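> Let's see this in three dimensions:
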Amino acid sequence: MECALKIEQLYVSYLGNQVVKDISFSVERGSLVGIIGPNGAGKSSMMKAALNLISKDKGEIQIFGEPLRKWKKRIAYVPQRSDIDWDFPITVFDVVLLGTYPKLGLFKRPSKGDRQWAYECLKTVGMESFSNRQIGELSGGQQQRVFLARALAQNAELFFLDEPFVGIDVASEETIIHILRDLKKEGKTILVVHHDLSKAESYFDHLLLLNKNMIHYGASEEVLQPEVITKAYANQFSFLQPKGVNVTT
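As a prediction, the model looks like this:
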């Protein structure tokens, strides 16, 4: 299988403290990967460093065997909702239309076809009737759907989503995971920072377990075994059932 993402010996520091230590793993194309671990485990920092959104101490990132810069236009990133300025005066449709900009030439404006594609992406997430709303007027789940539509508009090969299921309604969560599964079927590669262990096995085919360093990477049922999962969460709980771990962090 083709390797979509390879991270080797990644180290990241924040305010003088090392938050990511010696992380190395590779993800095959067409994988849906959950990134799990306790609060402060470095999940978001690892993702941002992999995308060169924050500086790293050291480490090598390869996308489909090439440097990150060669694939930037084909990588979509959905940040945490807390990282977004929801008061910015922009409509839902224009947020999604921004997803078409990476492929445009300098000073070029989106074409009629680009605008139609943005609308189709809004329809995919069930938000077309909100296209003229200001983004800050929406609920958390609606906002997350819109930013997923922006990622879809990018026609990306590799998707990074940072805690997309936090603070959203059940219907939006079901819509988002359904779309992510469809993307996987199309051969896209998706990495998701996730916090709810009770849904991790049903949502993801692979899991990356972190607690600043990498505890384990592998098939979801393998990572969620008590003897593996407690290596990261030992200080937060002392008992796990072998299947269907029901813990939210």
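
> what are the bridge partners for Q62, then?
K6, P67 (DSSP bridges).

> looking at this, G34 is in a strand?
Yes. The assignment for G34, made by DSSP: H, G, I helix; E, B strand; the rest coil, places it in a strand.

> nearest residue to it other than its sequence neighbours?
Sequence neighbours aside, F204 is the residue nearest to G34 in space, at 3.6 Å (criterion: CB to CB, 6 or more residues apart in numbering). For glycine as for every other residue, the C-beta is placed from the backbone atoms N, C-alpha and C.

> The one you found: what's it in contact with?
Going by CB atoms under 8 Å, 6 or more residues apart in numbering, F204 touches L32, V33, G34, V192, H194, S220.

> A153 too?
A153 is in contact with V96, L97, L98, G99, T100, W117, A118, C121, counting by CB under 8 Å, 6+ apart.

> repeat for V192
V192 touches L32, V33, G34, I35, F160, L161, P164, L180, Y203, F204, counting by CB under 8 Å, 6+ apart.

> Next: D83.
By CB under 8 Å, 6+ apart, the residues touching D83 are D162.

> centre of the chain versus the lengthiest helix in the chain, how much separation?
Assignment by DSSP state H gives helix 170-185 as the longest helix of the chain. Centroid separation for helix 170-185 versus its chain: 12 Å, with CA atoms, centre = their mean, to the nearest Å.

> For that helix, which residues meet the burial criterion?
Residues S172, E173, T175, I176, I177, I179, L180, L183, K184 are the ones in helix 170-185 that count as buried (16 or more other CB atoms under 10 Å).

> Kindly report the same for stretch 52-72.
Buried residues in stretch 52-72, counted by 16+ other CB under 10 Å: I54, K56, G59, I61, Q62, I63, F64, W71.

> Could you tell me whether the second one really is in a helix?
This means K56. No. Counting by three-state DSSP, K56 is not part of a helix but coil.
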